[in-house]
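1. Predicted model and sequence below, questions to follow.
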Amino acid sequence: MYIPARNIKAKIKGYRGKEPFFSSGLMVHWDSFLERDYIRLADFDVDVREIYHQPLCIHYMSNGKKLRYFPDFKVILTNGQILIIEVKPFDFLTEPKNQIKFEVGRKYCEEKGWLYQVFTEREIRPGELQQNLSILRRVKLQEVDSEIIKYLLDEFNSCDEMELISFRERCNQLENTSFYFHLHYLVYEQYIKVDLIHEIINDYSLLR
């Protein structure tokens, strides 16, 4: 069982919780809603295989003091590359203590042959992406019908692109609930592409 580098205690202020990471089947801890949304973003990334919360403790010196730094996440890609991720609000990036932590994290990762990255709300929450992911992630909580998936893919692959409402009319033998559930699955798994940043998915979204 995975054990984080720092004990996770209840917060007196703020929010803390766990989010399912469907790619690995594990629950991942988060210490802020921005961290939670990063987990959702990583889960949607087809190149991400695993993610772990507060995976390590980096010891460093600053102004003569011994300090510890706990990066937010360790991410393992499908190609084996390891990323250490720090999640910070954009307005906090220039704080001196954070600049020191970022440099400590970069140097640590360079020595390991890993990559160090800082994510802010600008990368994690572009446009309507997180709202769309909240809608689409629900499909991972239920079983899909493989026959319906095949039917939708066969119908979709017979054309280049179309609006969602036109695709709905094309697949009129399916009930509404079943159609939208399985379509959302195909969008979440990225078999069908939709612009998830500039608008919330709707009947006039262009399917590609």
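-> In hand now; what should we look at? No experiment lies behind these values; they were computed from the predicted model shown. Numbering: from 1, shown residues only.

2. got the CA positions of the helix ranked longest in the chain in CSV?
-> The residue-count maximum for a helix in the chain (DSSP state H) belongs to helix 96-112. The C-alpha trace of helix 96-112 is given here as CSV (Å, rounded to 0.1, in the frame of the first residue of the first chain):
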residue,chain,number,x,y,z
PRO,A,96,10.5,34.0,-2.1
LYS,A,97,9.9,30.9,-0.1
ASN,A,98,8.1,29.2,-3.1
GLN,A,99,10.9,30.3,-5.5
ILE,A,100,13.4,28.5,-3.2
LYS,A,101,11.2,25.4,-3.1
PHE,A,102,10.9,25.4,-6.9
GLU,A,103,14.7,25.5,-7.3
VAL,A,104,15.2,22.8,-4.7
GLY,A,105,12.7,20.6,-6.5
ARG,A,106,14.3,21.2,-9.9
LYS,A,107,17.8,20.4,-8.7
TYR,A,108,16.5,17.2,-6.9
CYS,A,109,14.8,16.0,-10.0
GLU,A,110,17.8,16.8,-12.2
GLU,A,111,19.9,14.5,-10.1
LYS,A,112,17.3,11.7,-10.4
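
3. Would you agree R68 is in contact with S62?
-> No - counting by Cβ atoms under 8 Å, R68 sits too far from S62 to count as a contact (10.8 Å). Every residue, glycine included, has its C-beta placed from N, CA and C.

4. Give me the helices and strands touching the longest helix of the chain, please.
-> With contacts taken as 3 or more Cβ pairs under 8 Å, 6 or more residues apart in numbering; DSSP states H and E, helix 96-112 sits against strand 58-62, strand 65-69, strand 82-87, strand 115-119.

5. relative to strand 58-62, how tilted is that helix?
-> 130 degrees (axes from the mean of the first three to the mean of the last three Cα atoms, to 10 degrees).

6. can you give me the offset of helix 96-112 from its chain's centre?
-> In this view, helix 96-112 has its centroid 23 Å away from the chain centroid, taken as Cα atoms, centre = their mean, to the nearest Å.

7. in it, what counts as buried?
-> Using 16 or more other Cβ atoms under 10 Å as the test for burial, helix 96-112 gives 101-102, 104-106, 108-109.
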